[in-house]
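[1] Okay, predicted coordinates and the sequence, questions at the end:
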Amino acid sequence: MNIAEVRENATLEALKCVGLQYSQAKRLQKAYRDCSSLVARAYTTAGHEWGCYGRPVPRSLEEVYDDGFQLVWPENNDYASIGKSLPTSSSIRKKIDLQRSDLLFAATKGTASTRKNKIEHVVMLTSATRIVHARGTAYGVREDNVSLYDAKICAVARFNPLCDLVKGHVGSRTKALQEALNQNGATLTVDRDFGSKTLAAVQAYQTKKGLPVTGKGDAATRAALGIVDAWSSDEPVATSRPTIKRGSKGAAVTELQTYLKALKYSLGTYGANKDGIDGDFGKKTEKALIDYQGKQGISADGVCGPVTWAHLTGEMGDDSATAADNMQVRVTASKSAYVRTVPSIGEPRGVVYNGAILKATGGIATVGTVQWYNVVYDGESVWISSKMAVLEGANNAEADKYVAKGKIPDISKWQGNVDFAKLSTEADFVIARGLCRTTKDEMIDAYADGMVKNKIPFGVYNFTYAETIAEAQRDAKLFFEATHAHNPLYYVLDAEVSTLTQEIITAWVETMRGLTTAPVGCYVAHHMYGQYNYKDIAHLFDFTWIPRYGKNSGAPETKPAYPCDLWQFTSAGKIAGVSGKVDLNQVTGQGKDLAWFRGA
């Protein structure tokens, strides 16, 4: 793909949003943006897949680290110094050549920010002096002078998926580097994060191969590792169709007119069939194309180039095959993925999560070398990349036919003997305690056997009191040893004591990632969410589970004030098979769905 074209198209997409309303809660909806989603969705629509923290729309304090971008300020790729100084935009321009489409990150709270990198806002540069950004509720998306953030710019990132990978980068390119290094003798945890261990592995490989020891995943090192870059900085985007405009003639024009006619555009009475399809790009064809481009949200210039062709061929199912009626699509993205209005560069219509099952319509479009599957999402026909999902036979009848029973308990030895045959009549799934402190829950083996026998999907959790990183690592290993033989669907950290810190929680989840490929979640006490500053580490987990009871009546009352996939709403619940009170939970609909938690 063409880097320069992506930069320009991203800028145009951001500018088209001027006038939209500001909302963090609705930032994935068509009519809303916040500062992060404005620039992230613009670049996504232009062709970039964000991989920095597994989210299709990252936050501003995360976007700066994405390894599809080059840090041009602070200089020398010095990620560690972000937020340490706040020069004026004019002084930055004296040292580096700022370019249209650059992302400028602002420390709007200055040193008062509690974020390590001080980043609170992101804007996109549209000219030497102008920016476009989602400024806030009172302003929405608008253009301003770059001087608005003088003495507040703490980082500048430029889209460049050919740049050297360096310490501080996070994303899919780093993941590919780590995987390649492991194939050459390294023993890295593939976590997408270019940290000290990845740096050391790069240096060791460069020394071994006689390459300059830069400690960077530079072009020479990537080539030696067999990593193929999929981007071009100046060549046109690959396409089997030419760029055509008014005055063009031939088969490509006939194809364009056929698409437009199928979309109910009037092209006149030209041609053999008097339907306007004559292979001659005239005034009516241009008018129809401009209208189509405007409705698609792409540059309405009347020129049919690669972007317009991608919209047309995706919408009409070009290069398509027909899937059997019993096919479905399973989301395999590590975290989540967009579904789009049309393949590759369409407007994101929503976010789907790992494990989700989507109904396939049978449409398969090919854009470049990537297949896109047509699926039904929220009652709408949308597309998802084969990089993020697999097409398979609908052989999982349970996923299609399952009717929710309505109760989701979590249990431990305090529930005593459980009649799992009865519990199975009311429970959608169960999460059982596997370890408390360093002690295996005395009932976990019996519980697991009962759930397996009665076909109840289940995960397990670890209530840890770790006070140090070493203790967190120890607990994770003990937890895994105590439970993995039962093949739980996922493992969960129970974080609710004051001794835990971000570093301790991180050590626990990183240890688990090294032990299992199963999903890992976190149960975080509502009153500890802020103390842990959990929002900054939530991306480390596949799902978040938060308790909030209200009056604890046994029914759902006060919802959590923080985003989560699962809500524990009472400790005074009742369910068949358990004689006393039990914790009950509810899937929130904010992330993973019931099918995912059931392993469907």
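    The structure has been received and is ready for your questions. The structure presented is a predicted model; accordingly, all values stated were derived computationally and were not measured.
[2] Residue 46 against residue 9, yeah?
    Yes - in this structure, residue 46 is within contact of residue 9 by CB atoms under 8 Å, at 3.9 Å. Using the backbone N, CA and C atoms, a C-beta is placed for each residue, glycine as well.
[3] Quick check: phi and psi on the residue nearest to residue 554 when sequence neighbours are not counted?
    Excluding its sequence neighbours, the residue lying closest to residue 554 (CB to CB, 6 or more residues apart in numbering) is residue 572, at 4.5 Å. Main-chain torsions, residue 572, degrees, to the nearest 10: phi -120, psi 30.
[4] Figure out the length between the terminal residues of stretch 15-22.
    Stretch 15-22 stretches 14 Å from its first residue to its last (CA to CA, to the nearest Å).
[5] How about residues contacting that stretch?
    The contact list for stretch 15-22, computed with CB atoms under 8 Å, 6 or more residues apart in numbering, reads 31-34, 38, 42, 126, 132, 134-137, 139-143, 297.
[6] Next, the buried residues of it.
    Neighbour counts over stretch 15-22 (16 or more other CB atoms under 10 Å) mark 16, 17, 20, 22 as buried.
[7] Filter those down to the ones in strands?
    Among these, the members falling in strands (DSSP state E) are residue 22.
[8] Dump the buried residues of stretch 15-22 into TSV; add pLDDT as well.
    Shown next, in TSV, are these (pLDDT from 0 to 100):
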residue	pLDDT
16	86
17	88
20	91
22	92
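[9] where do the strands sit along the stretch 201-350 of the chain?
    Using DSSP state E, counting those that start in this stretch, the strands of the stretch 201-350 of the chain run over 327-331, 336-340, 348-353.
[10] Pick the most buried one from these.
    Mean neighbour count (mean count of other CB atoms under 10 Å) peaks for strand 336-340 among the strands of the stretch 201-350 of the chain, with a mean of 24.
[11] CA atoms of that strand as PDB?
    What follows is strand 336-340 as a C-alpha-only set of coordinates in PDB (Å, rounded to 0.1, in the frame of the first residue of the first chain):
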ATOM      1  CA  SER A 336     -11.400  -7.100  18.800                       C
ATOM      2  CA  ALA A 337     -12.000  -6.000  15.200                       C
ATOM      3  CA  TYR A 338     -14.000  -3.600  13.200                       C
ATOM      4  CA  VAL A 339     -16.900  -4.600  10.900                       C
ATOM      5  CA  ARG A 340     -17.100  -2.200   8.000                       C
END
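[12] pLDDT on it, on average?
    Strand 336-340 shows a mean pLDDT of 80.
[13] Tell me which other helices or strands it touches.
    Under the contact definition 3 or more CB pairs under 8 Å, 6 or more residues apart in numbering; DSSP states H and E, strand 336-340 sits against strand 348-353, strand 380-385.
[14] pretty sure residue 242 contacts residue 253?
    No - assessed by CB under 8 Å, residue 242 is found out of contact with residue 253, at 9.6 Å.
[15] ok, back up a step: how about the helices and strands packed on strand 336-340 in JSON lines, adding mean pLDDT?
    Below are those laid out as JSON lines (pLDDT from 0 to 100):
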{"stretch": "strand 348-353", "mean pLDDT": "75"}
{"stretch": "strand 380-385", "mean pLDDT": "76"}
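[16] Please identify which of these is closest to residue 428.
    Closest approach to residue 428 among those (CB to CB): strand 348-353, 17.0 Å.
[17] and the closest one, which strands flank it?
    Here strand 348-353 is paired, per DSSP bridges, with strand 336-340 (antiparallel).
[18] Between strand 327-331 and the partner strand, find me the angle.
    Strand 336-340 runs at 130 degrees relative to strand 327-331, counting by axes from the mean of the first three to the mean of the last three CA atoms, to 10 degrees.
[19] Tell me how many other residues crowd residue 139.
    By other CB atoms under 10 Å, 12 other residues sit near residue 139.
[20] which parts of stretch 542-550 are buried?
    Neighbour-count burial for stretch 542-550, counted by 16+ other CB under 10 Å, picks out 542, 543, 544, 545, 546, 547, 548, 549.
[21] coming back round to it: of all the helices and strands packed on strand 336-340, which one is nearest residue 591?
    That would be strand 348-353 among the helices and strands packed on strand 336-340, by CB to CB, at 6.0 Å.
[22] Contact partners for residue 266?
    276, 284, 288.
[23] ok, residue 545 to residue 495 distance?
    10 Å (CB to CB, to the nearest Å).
[24] and if you look at residue 590?
    19 Å.
[25] The two: which is more packed in?
    Remark: of residue 590 and residue 495, residue 495 carries more neighbours, 23 against 15, as counted by other CB under 10 Å.
[26] That one bridge partners, please.
    Under the criterion used here (DSSP bridges), residue 495 is bridged to residue 524.
[27] Can you report how many residues lie near residue 576?
    Here the number of neighbours of residue 576 (other CB under 10 Å) works out to 15.
[28] List the contacts of the residue of the chain positioned farthest from its centre.
    Relative to the C-alpha centroid of the chain, counting by CA atoms, centre = their mean, residue 272 is the outermost residue, at 49.4 Å. By CB under 8 Å, 6+ apart, the residues touching residue 272 are residue 278.
[29] That one and residue 207: what is the separation?
    Going from residue 272 to residue 207 by CB to CB gives 70 Å.
[30] before we move on, what about residue 411?
    As judged by CB to CB, residue 411 and residue 207 stand 53 Å apart.
[31] returning to that earlier point: the residue nearest to residue 554 contacts residue 552, doesn't it?
    Yes - the criterion here is CB under 8 Å, and residue 572 meets it with residue 552 at 5.3 Å.
[32] Most neighbours out of the contacts of residue 266, which is it?
    residue 288 leads these on contacts (other CB under 10 Å) with 23 neighbours.
[33] which residues pair with residue 371 across the strands?
    Using DSSP bridges, the bridge partners assigned to residue 371 are residue 366.
[34] didn't it look like it was pressed against residue 387?
    No - using CB under 8 Å as the test, residue 371 is too far from residue 387 to be in contact (9.0 Å).
[35] Which one of those two is surrounded by more residues?
    Neighbours per residue, other CB under 10 Å: of residue 371 and residue 387, the larger number sits with residue 371, 18 against 13.
[36] how far away is the more buried one from residue 2?
    21 Å.
[37] again with residue 464
    From residue 464 over to residue 2 the distance is 49 Å, taken as CB to CB.
[38] Kindly report the same for residue 497.
    Separation of residue 497 from residue 2 (CB to CB) stands at 52 Å.
[39] Of these two, give the one with the bigger neighbour count.
    residue 2 (18 against 13).
[40] Quick one, grab the pLDDT at the more buried one.
    With respect to pLDDT, residue 2 has a value of 74.
[41] Go ahead and confirm residue 472 touches residue 502.
    No - using CB under 8 Å, residue 472 is not in contact with residue 502, being 11.2 Å away.
[42] more neighbours, these two?
    Counted by other CB under 10 Å, residue 472 and residue 502 do not tie: residue 472 has more neighbours, with 27 against 14.
[43] Name the SS class of the more buried one, please.
    State at residue 472, reduced to three classes by DSSP: H, G, I helix; E, B strand; the rest coil: helix.
[44] give me every residue that touches it.
    Residues in contact with residue 472 (CB under 8 Å, 6+ apart) are 464, 466, 504, 505, 507, 508, 511.
[45] One more pass at 10 Å, please.
    Taking CB atoms under 10 Å, 6 or more residues apart in numbering, we find residue 472 in contact with 462, 464-466, 493, 500-501, 503-512.
[46] And for residue 121?
    When contacts are counted by CB under 10 Å, 6+ apart, residue 121 touches 34-36, 60-61, 104-109, 133-136, 149, 152-153.
[47] Now distance to residue 480 too, for the helices and strands packed on strand 336-340, in a markdown table please.
    As requested, the helices and strands packed on strand 336-340 are exported to a markdown table (distance: least, CB to CB, whole Å):
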| stretch | distance to residue 480 |
| --- | --- |
| strand 348-353 | 24 |
| strand 380-385 | 33 |
